[in-house]
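Student: here is my input, please return the structure:
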Amino acid sequence: MKLNKLGFTSYFEEQVMDEQQNRTVARIILEHKHSYRVLGEQGEWLATVSGHFAYGTNSRLDYPAVGDWVVVEKMPGEEKAIIHQLLKRKSSFVRKVAGREIEQQIVAANVDIVFLVMSLNDDFNIRRLERYITAAWDSGAKPVIVLTKLDLCEDPIPYINEITRHAPGVEYILTSAITNEGVAQLKELLQEGVTAALLGSSGAGKSSLTNALMESDSMKVSAIREDDDKGRHTTTHRELLMLPAGGCLIDTPGMRELQLWDQRESLDASFKDIEALAMQCRFRDCTHSKEPHCAVLLAIEEGELEVARLQSYLKLGKEIAFLEKKLTTQAKLDEKRKQKKLSKGTKRK
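Tutor: As a prediction, the model looks like this:
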């Protein structure tokens, strides 16, 4: 296995020190609860982080995730390895962890393309798609909308119209895992060394799409519920797969809800139409609610902008603002914990 086939580039090579003897570079392909599966030129091993590595961590972000590149040391006579270093990520798709905890969770690391998967049925939700696109732009990867189950859709035009209105400039591909329509287009994007992540809700067709790209039935597929077209969970963990035609694919568990992280700039990129209108408002701090000479409200009156899209923009903006406020408090607490840890280390010496 050549590392370049796994996506190893000069960006990562420059971070590896030559003097690291008995150590090699590998990529995280599977994440367990307290261990990882890594793949490198010398093979595939089960790995855990070293004690020194764990001691230097302050948050979940400091630990490896699927798609990460790490420096490992293979244990003599065993199919196991120790992770000593996490290489700096070139991109990462993150979300806020579930619950009240203010912390990031990495869904996929070092990804070039994010396939945002939605099926052409009641699972299609333009508001959820706006949320996904915002997070995708923030990841540093290219978002591509993948519409699945074309074989079950009599008329995809209404869905396409929704995308062109609410996701201007974002590429979309119509697919069917049954007829293989659109699969060739996806394969063209997944050239050797390219990594893509599949993101979408349960039942959207990610596993079926993975099987089509893998040219096998390796991924278990679950049927959707007939009463509401919602899916059951099939994929239960994140896993990086090597595709036969080249490229890597990270399959992820279904996410019906995606809580955003600090993605203010990406919000602007996802709602370029509203941002362009806002530049024409009389007041710079216009909230687009009741101010006079508001270009955004005028666009709604003239039918150029949907009320629901503005509501989605404002809702996501409030969510990010609330998180920013919480992050300020959290940062102070994290700094205190860091100083406390350093103080303990100094006393032991």
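
Student: which residues does the residue nearest the centre of the chain bridge with?
Tutor: Centroid-nearest residue in the chain: residue 93, 3.2 Å away (criterion: C-alpha atoms, centre = their mean). Bridge pairing for residue 93 (DSSP bridges) gives the partners residue 108.

Student: you'd agree residue 313 is in a strand?
Tutor: No: using DSSP: H, G, I helix; E, B strand; the rest coil, the assignment for residue 313 is helix, not a strand.

Student: now the helices for the stretch 51-200 of the chain?
Tutor: For the stretch 51-200 of the chain, the helices defined by DSSP state H, counting those that start in this stretch cover 51-55, 126-139, 157-166, 183-189.

Student: which residues does the last one contact?
Tutor: Identification of contacts with helix 183-189 by C-beta atoms under 8 Å, 6 or more residues apart in numbering yields 113, 115, 144, 146, 173, 175, 177, 196, 209, 212-213, 243, 245, 247. Yep, even glycine has a C-beta here, placed from its N, CA and C like the rest.

Student: next: the third one.
Tutor: Contact partners of helix 157-166, identified using C-beta under 8 Å, 6+ apart, comprise 120, 124, 126, 129-130, 145, 147, 153, 170, 172, 174, 306, 309.

Student: hmm, try it at 7 Å
Tutor: With contacts defined as C-beta atoms under 7 Å, 6 or more residues apart in numbering, helix 157-166 is touched by 120, 124, 126, 130, 145, 147, 172, 309.

Student: okay, now the residue lying closest to residue 177 once chain neighbours are set aside: neighbour count?
Tutor: Excluding the flanking residues, the one nearest residue 177 by C-beta to C-beta, 6 or more residues apart in numbering is residue 208, at 3.7 Å. Using other C-beta atoms under 10 Å, residue 208 is surrounded by 21 other residues.

Student: could you report the distance from residue 208 to residue 285?
Tutor: 48 Å (C-beta to C-beta, to the nearest Å).

Student: what ranges do the helices span in the stretch 201-349 of the chain?
Tutor: Taking DSSP H, counting those that start in this stretch, the helices of the stretch 201-349 of the chain run over residues 206-214, 264-270, 272-278, 295-301, 307-348.

Student: what bridges to residue 143?
Tutor: With DSSP bridges applied, residue 143 shows beta-bridge pairing to residue 114.

Student: isn't it right up against residue 173?
Tutor: No: contact criterion C-beta atoms under 7 Å: residue 143 and residue 173 do not qualify, at 11.8 Å.

Student: which of the contacts of helix 157-166 lies closest to residue 237?
Tutor: Ranked by distance to residue 237 (C-beta to C-beta), the contacts of helix 157-166 are led by residue 145 at 24.4 Å.

Student: can you list the weak-confidence ranges in the stretch 1-150 of the chain?
Tutor: Scanning the stretch 1-150 of the chain with the threshold set as pLDDT under 70 gives 18-20, 95-104.

Student: could you redo the last one with a cut-off of 80?
Tutor: Where the stretch 1-150 of the chain drops to pLDDT under 80, the residues are 1, 17-22, 33-34, 58-59, 94-105, 138.

Student: the stretch 151-300 of the chain now?
Tutor: Low-confidence segments of the stretch 151-300 of the chain, defined by pLDDT under 80: 202, 216-238, 245, 253-270.

Student: and if we set it to 70?
Tutor: Across the stretch 151-300 of the chain, residues meeting the criterion (pLDDT under 70) sit at 217-236, 254-266, 268-269.
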